[in-house]
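Enquirer: sequence plus predicted model, see below.
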Amino acid sequence: GQFFVLFWTFGFCQSDPRLVTDFGFDEPGTYLTLSTFLLCYSALVQPIFAIVFNAITRHLEFAADRYSVDLGFDIRASLAKISKTNLQNLNPDPLVSMCNDSHPTPVQRLEAVKKLLDEAARVTSCTPGER
C-alpha cells in the first residue's frame, strides 16, 4: 500500500514545476524532481504511515499472543525473558511508543496475556450450564 501511495502522489507532482522551483532551483529535471519529491514525502507522509503500520503490527502481536494462549501456553515468562535479554524499556512513554515501536510494550503484552489466561481459567472452571 505504501508504494502505491508513493507512486500515486509522485504522478501528480512530477508534472508541476513548482515542486522544484519553490525550493529555489531554476528549472526542473527528472532527478531533481524525484529527489525533491522524496525529501518532501519522507518528511510529511512517511511518519503518518509509520504510525499506521506500527498499529497494525501491534495488533498482530496481540493476536499472536492470543493464539499461543488459546493453544494452552503461558508465555509470560518468555515475554519477561525476551524483554530482559533485549534490555527493553518495560514501560516507555505512550506517545513515543505509538510513533516508533512496532511491538506492544512488555507491560501491555503481559497484562493482555494475564487477562486472556484469567478468562480461559474462568471459562474452564464454569459448569456447562453457567456459560
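Expert: Everything's here; your move.
Enquirer: list the buried residues of stretch 91-108.
Expert: 97, 103, 104, 105, 106, 108 (16 or more other CB atoms under 10 Å). C-betas here are computed from N, CA, C, even on glycine.
Enquirer: nope, stretch 55-62 is what I was after
Expert: 58, 61, 62.
Enquirer: state the mean pLDDT of that stretch.
Expert: Taken as a whole, stretch 55-62 carries a mean pLDDT of 95.
Enquirer: one more: stretch 8-15?
Expert: What stretch 8-15 shows for mean pLDDT is 86.
Enquirer: ok, and what's touching it?
Expert: 19, 33, 34, 37, 41, 45 (CB atoms under 8 Å, 6 or more residues apart in numbering).
Enquirer: try it again with 10 Å
Expert: 19-20, 28, 30, 33-34, 36-38, 40-41, 44-45 (CB atoms under 10 Å, 6 or more residues apart in numbering).
Enquirer: equivalent analysis for stretch 91-103, please.
Expert: Counting by CB under 10 Å, 6+ apart, 47, 50-51, 53-58, 60-62, 82, 88-89, 104-109 sit against stretch 91-103.
Enquirer: go with 7 Å
Expert: Residues outside stretch 91-103 that contact it (CB atoms under 7 Å, 6 or more residues apart in numbering): 50, 51, 54, 57, 58, 61, 105, 107.
Enquirer: from those residues, which land in helices?
Expert: 50, 51, 54, 57, 58, 61, 107 (DSSP state H).
Enquirer: what sits closest to the third one if chain neighbours are left out?
Expert: To tie it back to what came earlier, the one meant is residue 54. residue 102 (5.1 Å; CB to CB, 6 or more residues apart in numbering).
Enquirer: which residue lies nearest the spatial centre of this structure?
Expert: residue 54 (0.6 Å; CA atoms, centre = their mean).
Enquirer: OK, contacts around residue 106?
Expert: 79, 83, 88, 90.
Enquirer: quick one on the thing from earlier: which pair in the contacts of stretch 91-103 has the greatest spatial separation?
Expert: Farthest pair in the contacts of stretch 91-103 (CB to CB) is 50 and 107. Separation: 22.0 Å.
Enquirer: can you show me the helices along the protein?
Expert: Taking DSSP H, the helices of the chain run over residues 2-13, 18-21, 30-44, 46-70, 76-85, 94-100, 106-125.
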